[in-house]
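Novice: 3D, please:
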Amino acid sequence: SSIIAAGPLAANDTQVAYPFWVAGTGVALSLVGVAWVRCQKLDPKTATLSSLLWVIRGGITIAVLLATIGALVSAIILFDGEDAYRAWGCTLIGLVSGEIIGTFTEYVTSYEDPPTRGIADAGKFGHAPVVIKGLGVGMLSVIVPTLAIGATVIACNEIFGLYGIAVSAVGMLSTLGITLATDAYGPVADNAGGIAEMADLPDSVRDKTDKLDSLGNTTAATGKGFAIGSAVLTSVALIVSYLASANLTAAQVGVSDPTVIIGALIGAMLPFVFAALTMLSVDRAARAIITEVRLQFSQAPDLVKQDWETEDDYEAKYIRLRDAYKAEVGAEASMNRIKGIDNKLYPDSNRCVAIATQSAIYEMILPGGAAILSPVIIGYLLGAASLGGLLIGSLTSGFMLALTMSNAGGAWDNAKKWVEKCGSEGEPLGPEDRAVEGIEVKWTTYGVKKASKARGLLQEYAAKDALHLITDRDLEGLKERTAGFAAGNAEWDEWKNETAERLAKFFKGRKDPVVSGDTVGDPFKDTSGPALNILIKLTSIVSLVLAPTLRER
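Specialist: Here you go, the predicted model:
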């Protein structure tokens, strides 16, 4: 779409060809950046999210440098004189703007930086503060990308006019080969963690996949930032092309015309309606899957059978679940038990996958129809100038909402990962903590993930006189009571077991609020936020197609 936007603004065939050259060479040279990214042996105990990010960041940097050189060579070959450097300058500005947006997105969504850690800390006050804090972080995250896009528009317009703005969008996406790969990396890492959890692999495996999943959340948010920024630049060029095709001047699309104001208000409304429709679609699909899961649990309760249950208890549970589900849904016809090759009863995951995929297709009919039909209705009902107002309103509103939803969702997700990491590995010692030789982490903020692990930690920390780093409980007289723990002090064992359970319960209390935030953030960052890019560009393209028929309106 960025190449399409540059076409109507080009003054000659050379200007038409240049975006194709930039995109082609950029994608090809991005493969060098992809090849640059290699598996590296990192110590799981010392590997940080920043060190993991720099593995991918190195490949992106190589791709950006090579794309810059490729764009310069293309400009010199195609253009004569100063035009070559003007076109290349706009491309370079687009690349730099994309890097600024990507770097700031990393800062907002990485759990090693204050915004995401602040969301995790809000969990101590409950579920609502996590949601409020995440929304605040998402809303504030629009500042830097907005300023970067604004500076890009002004600079490129001064260098090469409106054509320069379209070229900057092409430049921002010229490294698509690697930015798309980093975006796709997120779901791969997430599914790897899910497989590790379902396969009941050791905690050490899950700890590694959690770090990779956190990296994937950040890289996915960075990719969405690139996509949103380029969508805005592309839409600016498309809107200008629409005005030219519809024989409209800037003065005609002004606040003095009430139809333009109405169009702008409707355009500002569209992204919110579109985001609401997609989120409600996620809600309906999720509830359908929950209903299916409850049905299959009632059909095959082997999945939830406990080791201590007798066959009679198990059969009684099956009858109870089946009758309860039938009473609630009345699904007698669908009560078919699924039998595995071992003659035990298991759920049928294919049915859940079918529900998800069918919903993904069917639920997009209404939002897609709204995006396509809105320009048609406004254009023919209120006129070409009003449609220009709609495009401006949807662009400004959609840009802010897309950034807010994508960054808030990524921050919520990584806030949960930070709490889980601290509950599994501990937190780095801060300046206010009394250091103990041989111990580099504390456990007082988020507790410990499992009581069994907490008991071992209490034993270890007591031996090193470091219990203050694992529990905030009043330790007065504890040394005397635990002095004989090595010999099996009964009072110590009782206190250790009690404290371990408390630390595990404390962890659950800190994790549950951020899980709620992550649940809210998933449709934000994975559905509604990215979909707004399509809305912004689709309305502009449809309007450009309609422009010749609206010249007399």
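Novice: got the contact list for the residue lying closest to S214 once chain neighbours are set aside?
Specialist: Leaving aside its chain neighbours, S214 sits nearest to K417 (4.3 Å; criterion: Cβ to Cβ, 6 or more residues apart in numbering). (Glycine included, C-beta is placed from N, CA and C.) Under the criterion of Cβ atoms under 8 Å, 6 or more residues apart in numbering, the neighbours of K417 are Y111, D210, D213, S214, N217.
Novice: Distance from the chain centre to the host helix or strand of K417, please.
Specialist: Assignment of secondary structure by DSSP states H and E places K417 within helix 384-425. Offset of helix 384-425 from its chain centre (Cα atoms, centre = their mean, to the nearest Å): 8 Å.
Novice: Could you shift the numbering so residue one becomes 53, and keep it that way?
Specialist: That works, and once the first residue is 53, the last one we named lands at helix 436-477.
Novice: mind listing the strands for the stretch 353-502 of the chain?
Specialist: 479-480, 493-494 (DSSP state E, counting those that start in this stretch).
Novice: Provide the strand pairings for the last one, with the direction of each partner.
Specialist: Looking back up the chat, that one is strand 493-494. Here strand 493-494 has these sheet partners by DSSP bridges: strand 479-480 (antiparallel).
Novice: Need the residues that contact the partner strand.
Specialist: Outside strand 479-480, the residues within contact range by Cβ under 8 Å, 6+ apart are E492, V493, K494, W495, T497, Y498.
Novice: And the fifth one, how close does it get to V325?
Specialist: Counting by Cβ to Cβ, to the nearest Å, the gap from T497 to V325 is 41 Å.
Novice: For burial, what's the neighbour tally of the closest residue to I280 other than its chain neighbours?
Specialist: Ranked by Cβ to Cβ, 6+ apart and with sequence neighbours excluded, the top spatial neighbour of I280 is A454, at 4.9 Å. Counted with other Cβ atoms under 10 Å, residues neighbouring A454 total 29.
Novice: isn't A454 right next to N585, touching?
Specialist: Yes: under the criterion of Cβ atoms under 8 Å, A454 makes contact with N585 at 6.3 Å.
Novice: between these two, what contacts are shared?
Specialist: Common neighbours of A454 and N585 (Cβ under 8 Å, 6+ apart) are K276, I280, A283.
Novice: quick one: which of those is most hemmed in?
Specialist: That'd be K276 among the shared contacts of A454 and N585, by other Cβ under 10 Å, with 30 neighbours.
Novice: what element comes up after the helix or strand hosting it heading to the C-terminus?
Specialist: Secondary structure from DSSP H and E places K276 in helix 255-297. Downstream of helix 255-297, the next assigned helix or strand under DSSP H and E is helix 310-351.
Novice: who does that next one touch, helix- and strand-wise?
Specialist: helix 363-381, helix 401-414, helix 417-434, helix 436-477, helix 542-575, helix 581-598 (3 or more Cβ pairs under 8 Å, 6 or more residues apart in numbering; DSSP states H and E).
Novice: Using CSV, write down the CA coordinates of the second one.
Specialist: If I follow you right, that is helix 401-414. Written as CSV, here are the backbone C-alpha positions of helix 401-414 (Å, rounded to 0.1, in the frame of the first residue of the first chain):
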residue,chain,number,x,y,z
SER,A,401,-9.0,-30.6,20.8
ASN,A,402,-9.8,-30.5,17.1
ARG,A,403,-13.3,-29.2,17.9
CYS,A,404,-11.8,-26.3,19.9
VAL,A,405,-9.4,-25.5,17.0
ALA,A,406,-12.4,-25.6,14.6
ILE,A,407,-14.4,-23.1,16.7
ALA,A,408,-11.4,-20.7,16.9
THR,A,409,-10.7,-20.8,13.1
GLN,A,410,-14.4,-20.5,12.1
SER,A,411,-14.9,-17.6,14.5
ALA,A,412,-11.8,-15.9,13.1
ILE,A,413,-13.4,-15.9,9.7
TYR,A,414,-17.0,-15.3,10.5
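Novice: quick one: contacts of it?
Specialist: Applying Cβ under 8 Å, 6+ apart, the contact partners of helix 401-414 are S333, R336, A337, A340, I341, E344, V345, Q348.
Novice: of these, closest to Y237?
Specialist: Taking Cβ to Cβ as the measure, Y237 sits nearest to A337 out of the contacts of helix 401-414, at 24.6 Å.
Novice: Not counting its neighbours along the chain, what's nearest the closest one?
Specialist: S411 (3.6 Å).
Novice: same deal with K176?
Specialist: R562 (6.5 Å).
Novice: That neighbour: what's it in contact with?
Specialist: G175, K176, V471, G475, T497, Y498, G499.
Novice: pretty sure A552 is touching L510, no?
Specialist: Yes: using Cβ under 8 Å, A552 is in contact with L510, at 6.3 Å.
Novice: still on that earlier bit, so which of the strands of the stretch 353-502 of the chain is the most packed in?
Specialist: Mean neighbour counts were taken over the strands of the stretch 353-502 of the chain using mean count of other Cβ atoms under 10 Å, and the top value, a mean of 19, falls to strand 493-494.
Novice: For the helix or strand following it, buried residues please.
Specialist: The helix or strand immediately downstream of strand 493-494 is helix 503-515, counting by DSSP H and E. Within helix 503-515, the residues scored as buried using 16 or more other Cβ atoms under 10 Å are A503, K505, A506, R507, L509, L510, Q511, Y513, A514.
Novice: now helix 503-515: mean pLDDT?
Specialist: For helix 503-515, the mean pLDDT works out to 85.
Novice: go on, stretch 289-307?
Specialist: Stretch 289-307 comes out at a mean pLDDT of 84.
Novice: just stretch 133-140 next, same as before
Specialist: Average pLDDT, stretch 133-140: 90.
Novice: now it, how far from the centre of its chain.
Specialist: That offset, for stretch 133-140, works out to 37 Å (Cα atoms, centre = their mean).
Novice: Over to stretch 433-440?
Specialist: For stretch 433-440, the separation from the chain centroid amounts to 35 Å (computed by Cα atoms, centre = their mean).
Novice: And stretch 66-74, by the same measure?
Specialist: Distance of stretch 66-74 from the chain centroid (Cα atoms, centre = their mean) equals 33 Å.
Novice: Buried ones in that stretch, by neighbour count?
Specialist: Of the residues in stretch 66-74, those buried (16+ other Cβ under 10 Å) are T66, Q67, Y70, P71, W73, V74.
Novice: Kindly report the same for stretch 588-605.
Specialist: With the criterion 16+ other Cβ under 10 Å, stretch 588-605 contains buried residues I588, K589, L590, T591, S592, I593, V594, S595, L596, L598, A599, L602.
Novice: residues near the spatially closest residue to E492 that is not a sequence neighbour, how many?
Specialist: Nearest non-adjacent residue to E492, counting by Cβ to Cβ, 6+ apart: L481, 6.1 Å away. Each residue near L481 was counted by other Cβ under 10 Å, and the total is 15.
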